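# compute the structure for the input listed below.
(chains A, B and C)
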Amino acid sequence: MSAKDQITVPTPPRRNPWRERLLDNWRVFHQNPLGRIGLILLVVFAVMAMVSVVPPLIDPMYHPMTGVDPEVMQSSAPSWRHWLGTDFMGRDILSQLLAGTRVAFMVGVSAAFMSIALGVSVGMVSGYLGGWTDIILMRLSEIIMVMPTLLVVLMLAALFGKLGIWTIVLMIAFFRWPGVARVIRAQTLSLKGRPFIDAARVAGASHTRIVFRHIMPNVLPLAFLYMTFRVTGAIIIEAALAFLGFGDPGTVSWGMMLQWVWKTGHMFQAPWWLLPPGLCISLLTLSFYMLGRAMDEVLDPRLRDQSR
Amino acid sequence: MALLEVNHLSIGYQTAKGLLRAVDDVSFAVDAGQSLGLVGESGCGKTTIGMALMGLLPPNGSIVGGNVVLDGQDLSGLDEADLRQRRWRDIAMIFQAAMNALNPVQRVGEQIVEAILTHKPELEREEALHQVEGLYQLVGLPVGRMHDFPHQYSGGMKQRAVIAMALALNPKVIIADEPTTALDVIVQDQILKETKELQKEFNIAIIFISHDISIVSEVCEMIGVMYAGQMVERGTTREVLGQPRHPYTQALLNSFPALGGPRRPLRPIPGEPPLLIGRRFGCRFCDRCPVPASSCKLEPPELVQVGETHFVRCDNV
Amino acid sequence: MSEQTPPQTDQLQRTPPPLTAPVMELVGISKHYQSRGSIFGGAGERVTALNQVSLDFRRGEIFGLVGESGSGKTTCGRLMVGLERADAGQLVLEGREITALRGKDLKDFRRKVQIIFQDPYQSLNPQLSILDSVAEPLITSQACPASEREGRVLATLKAVGLSPAEDFAYRFPHQLSGGQRQRVAIARAMIIEPRLLVADEPTSMLDASYSAQIFDILLQVREKFGTTIALITHSLAAARYLCDRIAVIYRGHLMELGQAEQVINRPRHPYTQALIDATPKFGDCGDVPRYNALLQPERQATTEEAGCVFFRRCARAHLTRCSRQAPTWRRLEDGDMVACHYADGAPDPGPEIESCPVPGL
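So this is what the prediction gives:
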């Protein structure tokens, strides 16, 4: 047959269609002012997280947890020695803030990633298989969804004592997947009825292959979008827990810093101590939010400004 | 003086890649009781013309040249409010997707009543309702179904309801944009026949937009063939289909399978229509033309009169 | 069955395929759908998609299945490729019953029967490159080693007229026109060289110039691979151009089946005649007669269960016989098949019968 005769066609250098696509999306993203601001903020925070290892290397007194300046034994205002001042026992606030950035990223991204991974898997399986699987998984997700995350985590913390930071991450992930699962399920349902899924079935693809090869690439953009919003949520929950005194005492997070300000009664005495963590929480969550909004526009061509 | 005259109309869309000239130097005229079919492939500008006549161009589209004269009055000179007034009173439109033209959560008869009351606020509600009953009889819908919702109608009934709505204000011109594309042949045939009868009865001018030359040939006395934003051939149906002069018209006719006559091979038109962004030199059909001349690439062809009412935009006729 | 010599006016000069054993047979296939009931409970209406449909597709022929929307023609196509299961009847592929295939047999079946869908904008995965989409059947069927895949894809793309194939292979569906996408869909179906290709309204979403291209490619595919093509369409004109045989289907019931020219030029069933009447004619269609077989307005008959499905719309129906007794699916002396009591010149019911009172009218 002719198709077999012609298999000697020289194979051209493989161009990467994904790269072209990414570039295309990048252009749309870049034109969005929200996305640009979000990205710049995010880069600033990423740099902060990375340099957080530097201060303790300069001098042990800059260690965010254990480093105490022997010369200042109380909260002091910004100075050359401590650019953002010190806390009640003379620890450097700047190095605490930097360490907090690292923790915020870690908590936000890993909790969001886990909840998205769980949500996408459950959503795709539920939507694709339908029937009893769908009913059981969706009822389960509804039960979890109606529990107020913060309250339940607070109760658990009260029950089991102080929680480690990874336990907190896991709990946030566990309580935040149902929303994602429902969205991904809806998307899967609409994809399932499209002719290209029928075409894949006729082409002989197994159920696993249809889910992972044909449906997943179509829901992943949406999943990434939800991830940016979930990061925001995770950071805020962790900060709230820490501020209320249920955080990991062995970690310096922004929420922890706020709790120390409050607990030691410096709320209105030490703005240099109160403002930086507060601002950072707002700005980092804002930057992820703006990123998500810009991604929304990349993913949904209808939102793109026609005249541009 | 014809009822509706379109003179050298050009329409452009602002896009990210520059000005897209969707319609370029299109002229035609329709008289009361006449019907003109605009035929062409998708993207040739035929729907854009309909939208422009209705004043319904999207925000990034605008008329960049030429004018539209209705009943001796230049519509391009009117302001937004006047235009809106004239829009449904004088020109009505039957939309491409009749399924989506009706509001799904409002009863069909109610929608037509509202369309009437919006434009004739002096009418009593009862009177309008009475008119709608008349319209239902006119388009062959059972009056008893006036209080049903759109989803309770079949495709053909929805299309009839949309036609009733277009007729509601006694327009002088009706623009029908692919009115039967979603329908089955038998229903399509009935609706086309009824539309023709209504047109004769009320002396309406119809501009019939379709990609299907066989439908247009059944309904219209005149045909304008569009290609890449230009009208490449225009004349009576007999002229255009009997002696097609433009290579595109000929190619288009050769690519339709017919039900009668000898079975003859179809000749598909090779290639794709050109992009309409940026400056173009020469004839737009040049790249796909079976009989191109060397001069075609240089000079854009002018509209040439080849018969009494027969015009062709080709240098080699 | 008589050998049809093509009429002398036929300029196509295609040789009809030899009469061999059918590639696929449908034997008495029925399929019903249960429409959803109201929110207050109660089962929904039972809708007949296909009723006792028997068809055979011969090797190398293009068979047209013509009907309106809702006639069950698409369901029939989906059944043939295993996307739906019949409620009753048998599906036979090359002499083997395939009605309830599983596992390896199903995989084997998939290699032999492929489909192209109506909407080229929906039938390609937007997230996969053309190369990946077309290669999919090769991958799942392991028809060839991975190293040869790309070459096969490019060759097939070339075969459906997408050249330079290298250029198209690395694009995404949204970068192609409707006609180009439909060719990709044909390439995807043809890459494993199936015995039977179901083409479900392959051109109804396309412009005329593109549909002529697609018709040409289907003809080439048949020529090159000897593939049997089942063309599902609403257009008698398209079926006349492409098909060797045509079957007309109305509300799940076969109405008429025969040689293409025969069905078009000498339709015996009033429904086929109504379709021909309704098809817009242009060009040299002067020789197509009018049959006026359609009743206007429809009868409001209630006796439909037992009678002919076309009774309500049939201008020629015998009021008592057609409303009470469903016509059998029978063969006429010239080999064509029809489901009408009055297909072979039997006396018209006539006005005196028309006027006879029938309950429920």
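# ranges for the strands of the stretch 1-150 of chain B?
B:4-15, B:18-30, B:35-39, B:61-70, B:73-74, B:91-94 (DSSP state E, counting those that start in this stretch).
# turn these into CSV, columns for mean neighbour count and mean pLDDT.
All C-beta atoms are positioned from the backbone trio N, CA, C, and that covers glycine. Output for the strands of the stretch 1-150 of chain B, formatted as CSV (neighbours: other Cβ atoms under 10 Å in any protein chain shown; pLDDT from 0 to 100):
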stretch, mean neighbour count, mean pLDDT
strand B:4-15, 20, 91
strand B:18-30, 20, 90
strand B:35-39, 26, 94
strand B:61-70, 17, 88
strand B:73-74, 12, 84
strand B:91-94, 24, 88
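# closest one to chain C among those strands?
Chain C sits nearest to strand B:35-39 of all the strands of the stretch 1-150 of chain B, at 9.2 Å, using Cβ to the nearest Cβ.
# who are the packing partners of the closest one?
helix B:46-54, strand B:205-210, helix B:213-219, strand B:222-227 (3 or more Cβ pairs under 8 Å, 6 or more residues apart in numbering or on different chains; DSSP states H and E).
# parallel or antiparallel, list what pairs with that strand.
strand B:205-210 (parallel), strand B:222-227 (parallel) (DSSP bridges).
# and these as TSV, adding mean pLDDT and mean neighbour count?
Shown next, in TSV, are the strands paired with strand B:35-39 (pLDDT from 0 to 100; neighbours: other Cβ atoms under 10 Å in any protein chain shown):
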stretch	mean pLDDT	mean neighbour count
strand B:205-210	93	25
strand B:222-227	94	26
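# circling back to that earlier point, so which of the helices and strands packed on strand B:35-39 is nearest A:Ile144?
Nearest to A:Ile144, of all the helices and strands packed on strand B:35-39, is helix B:46-54, at 49.2 Å by Cβ to Cβ.
# mind checking how far that closest one is from the chain centre?
7 Å (Cα atoms, centre = their mean, to the nearest Å).
# and that helix, what does it pack against?
strand B:4-15, strand B:18-30, strand B:35-39, strand B:61-70, strand B:91-94, strand B:173-177, strand B:205-210.
# follow-up on the earlier one: just so I know, which of the helices and strands packed on strand B:35-39 lies nearest B:Gly235?
Comparing those by Cβ to Cβ, strand B:222-227 comes nearest, at 6.9 Å.
# the inter-axis angle of the closest one versus strand B:4-15?
20 degrees (axes from the mean of the first three to the mean of the last three Cα atoms, to 10 degrees).
# strands along the stretch 1-150 of chain A, start to end?
Under DSSP E, counting those that start in this stretch, the stretch 1-150 of chain A gives no strands.
# pLDDT weak spots in it?
Counting by pLDDT under 70, the stretch 1-150 of chain A shows low-confidence ranges at A:1-18.
# do the same with the stretch 201-308 of chain A
For the stretch 201-308 of chain A, the ranges with pLDDT under 70 are A:300-308.
# could I get the helices and strands packed on helix B:46-54 in TSV, plus columns for distance to C:Asn292?
Compiled in TSV, the helices and strands packed on helix B:46-54 are given as follows (distance: least, Cβ to Cβ, whole Å):
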stretch	distance to C:Asn292
strand B:4-15	36
strand B:18-30	32
strand B:35-39	25
strand B:61-70	40
strand B:91-94	27
strand B:173-177	26
strand B:205-210	25
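# so which of those strands gets nearest C:Asp132?
Per Cβ to Cβ, nearest to C:Asp132 of the helices and strands packed on helix B:46-54: strand B:4-15, 29.6 Å.
# tell me which strands the closest one pairs with, and in which orientation.
Here, using DSSP bridges, strand B:4-15 pairs with strand B:18-30 (antiparallel), strand B:61-70 (antiparallel).
# test my guess that C:Leu219 contacts C:Asp244.
No: using Cβ atoms under 8 Å, C:Leu219 makes no contact with C:Asp244, being 11.3 Å away.
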